[in-house]
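Novice: Quick one: sequence and predicted model below, then my questions.
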Amino acid sequence: MSATAEVSDASFKTDVLESELPVLVDFWAPWCGPCRMVGPVVEEIAQQYEGKVKVVKLNTDDNPEVASKYGIRSIPTLMIFKDGQRVDMVVGAVPKTTLANTLEKYL
């Protein structure tokens, strides 16, 4: 079972902006090679921080509204939201340690 949930343009406000936990959003698309590379890292982060961080994936092809609102130009882009605000972002396929260190600042 996947530790990450899919979100959409329609559910973004409820699932991400209104979340009580910090949220890591993985902006991705099925055709994107680096997105597939970072996918397992995102899953590991979701399991490691279960209960502390909510981890979700947003397919930019299916949900252009949110992607354009946050100026997503290249994927994968990983954004961290806390209390409804974007607080940080990491662009590209990064190692797990980089992602974990970035997240730790907001826990």
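Specialist: Happy to help now that I have it.
Novice: And the longest helix seen in the chain, how far out from the chain middle?
Specialist: In the chain, with assignment by DSSP state H, the single longest helix is helix 33-48. A distance of 10 Å separates the C-alpha centroid of helix 33-48 from that of its chain, computed with Cα atoms, centre = their mean, to the nearest Å.
Novice: Ok, stretch 47-66 next?
Specialist: The chain centroid and the centroid of stretch 47-66 are separated by 4 Å, computed with Cα atoms, centre = their mean.
Novice: who touches it?
Specialist: With Cβ atoms under 8 Å, 6 or more residues apart in numbering as the test, stretch 47-66 has contacts from 3-9, 12, 15-16, 19, 21-31, 42, 45-46, 67, 72, 75, 100, 103, 107. For every residue, glycine as well, the C-beta is placed using N, CA and C.
Novice: Just to be sure, which of those residues are found in helices?
Specialist: 12, 42, 45-46, 67, 100, 103.
Novice: For the residues you listed, which PyMOL command selects only the ones that are buried?
Specialist: Applied in PyMOL, the following selects the buried portion of these according to 16 or more other Cβ atoms under 10 Å:
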select buried, resi 12+42+45+46+67+103
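Novice: Next, format the ones in helices among the contacts of stretch 47-66 as JSON lines and append pLDDT.
Specialist: Output for the ones in helices among the contacts of stretch 47-66, formatted as JSON lines (pLDDT from 0 to 100):
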{"residue": "12", "pLDDT": "98"}
{"residue": "42", "pLDDT": "96"}
{"residue": "45", "pLDDT": "97"}
{"residue": "46", "pLDDT": "96"}
{"residue": "67", "pLDDT": "97"}
{"residue": "100", "pLDDT": "97"}
{"residue": "103", "pLDDT": "96"}
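Novice: Please consider this matter closed, and thank you.
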